[in-house]
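S.K.: Need the 3D shape of this:
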Amino acid sequence: MMGQQELITTVRNLKGFMNMREELEAEIAAAQDQVKAEMTAREVDTMTADGSRNTNQSLLTPYSFAPPAIWS
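M.R.: Numbering: from 1, shown residues only. Here you go, the predicted structure:
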């Protein structure tokens, strides 16, 4: 069982990780929008970049993570 101080530290870390996740989700969405805009400008549905094949459909898949039930 965790001591009180360890629990407080863990909760603080968890909140920090959740904030980082939100920032990363925003960065991912912005990068997806940039690639989709470039694909639209080039009038293509599929592009290969950095060894990966990207389609408009694959870029529409959101990266979302549900918050843990404890924070609901």
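
S.K.: Check which residues of the longest helix anywhere in the chain are buried.
M.R.: Longest helix in the chain, counting residues (DSSP state H): helix 4-42. Within helix 4-42, the residues scored as buried using 16 or more other Cβ atoms under 10 Å are Q32, M39. All C-beta spots, glycine's among them, are computed from the backbone N, C-alpha and C.

S.K.: so what does that helix touch, helix or strand wise?
M.R.: Applying 3 or more Cβ pairs under 8 Å, 6 or more residues apart in numbering; DSSP states H and E, we find helix 4-42 packed against strand 46-49, helix 56-60.

S.K.: need the least confident one among the ones you listed, by mean pLDDT.
M.R.: Sorting these by mean pLDDT places helix 56-60 lowest, at a mean of 64.

S.K.: Could I get the average pLDDT for the longest helix of the chain?
M.R.: Helix 4-42 comes out at a mean pLDDT of 92.
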